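Engineer: Requesting a structural model of the entry that follows:
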Amino acid sequence: MHYIYLDKEKAKEGIALVVAVLEEQNKNYKKDYGENIVEFIGEDLPHYITYVEETDSVREATEEEKVARQQITLEDNQVIIDNIIYTYNKQYQKVVNNKIVDKTIKELIEEGILTLEEVKKIKREELKNIRHEKIQANIEVHGEMFQVRDSDKENFDDVKLMLDTEEIDEDYKKHWILADNSVKPFTAQQIIDVWKARTARKDNIFLQFGKLSMELEACQTVEEIEAIKWE
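Structural biologist: Numbering: from 1, shown residues only. Model prediction:
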């Protein structure tokens, strides 16, 4: 802890003119250094300070105060929020109610940053991501929830291979780890049924994707694009 004594008039200007730095507090610092002295207690004196008349003390200056005194300069794409300087992309972002938010697709088109075709491309990628998530999602078969991600296919293929080579029959019981990590026995045929159900669901998902893609291609406005939802 340090006891730092500053020139008060300079402190009012935001300038830290140090008169003395002590390891122990000087109770009589005004008598020793003069009435025009203010005390700061802390480990290190902030580079930029502000004098507080009400408490006759100094504190670290806020970012707004530094800008007002021209001690620092904000770039065109910088803003102060909660005394923190943030840099944002003015082309794609804006400041609303003291928060940095993304511009709407409509705003980006109106400002000439995006074209309608580019917006369609973004929407198409969004639909592709939803399609992938739906294909990889768990599936309920025989009253149980199974994991059927692409990475799970090998496990189902192993059972089918053993059936095809007649190493096991359809009634062969195999313990299977379910989506909730519980383990239950299922026949070989029941396990094969799971991937069949997944394949049927995948076909339906691609049909939905194709329909939405055609709707997207026909869109003439941003509003029409944004109205396309895949529940």
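Engineer: Which parts of this structure are strands?
Structural biologist: Per DSSP state E, the chain carries strands over the ranges 2-7, 18-22, 37-42, 49-52, 57-60, 78-81, 84-87, 93-96, 99-102, 139-141, 144-146, 173-177, 183-187.
Engineer: To residue 199, which of the ones you listed lies closest?
Structural biologist: strand 139-141 (10.4 Å; CB to CB). Where C-beta positions appear, they are placed from N, C-alpha and C, glycine not excepted.
Engineer: For the closest one, give the mean pLDDT please.
Structural biologist: What strand 139-141 shows for mean pLDDT is 97.
Engineer: Which elements pack onto it?
Structural biologist: Counting by 3 or more CB pairs under 8 Å, 6 or more residues apart in numbering; DSSP states H and E, the packing neighbours recorded for strand 139-141 are strand 144-146, helix 188-218.
Engineer: and residue 100, which of the ones you listed is closest to it?
Structural biologist: Ranking the helices and strands packed on strand 139-141 by proximity to residue 100 (CB to CB) places helix 188-218 first, at 29.3 Å.
Engineer: So the residue located most distally from the centre of the chain versus residue 223, what's the distance?
Structural biologist: Distance from the C-alpha centroid of the chain, by CA atoms, centre = their mean, peaks at residue 31 (55.6 Å). For residue 31, the distance to residue 223 (CB to CB, to the nearest Å) stands at 75 Å.
Engineer: quick one: pLDDT of residue 133?
Structural biologist: Looking at residue 133, its pLDDT reads 97.
Engineer: start at 22 instead
Structural biologist: With 22 as the first residue, the last one maps to residue 154.
Engineer: circling back: want to throw the strands of the chain into JSON lines with distance to residue 220?
Structural biologist: Output for those, formatted as JSON lines (distance: least, CB to CB, whole Å):
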{"stretch": "strand 23-28", "distance to residue 220": "73"}
{"stretch": "strand 39-43", "distance to residue 220": "77"}
{"stretch": "strand 58-63", "distance to residue 220": "68"}
{"stretch": "strand 70-73", "distance to residue 220": "69"}
{"stretch": "strand 78-81", "distance to residue 220": "64"}
{"stretch": "strand 99-102", "distance to residue 220": "51"}
{"stretch": "strand 105-108", "distance to residue 220": "49"}
{"stretch": "strand 114-117", "distance to residue 220": "43"}
{"stretch": "strand 120-123", "distance to residue 220": "38"}
{"stretch": "strand 160-162", "distance to residue 220": "10"}
{"stretch": "strand 165-167", "distance to residue 220": "13"}
{"stretch": "strand 194-198", "distance to residue 220": "18"}
{"stretch": "strand 204-208", "distance to residue 220": "18"}
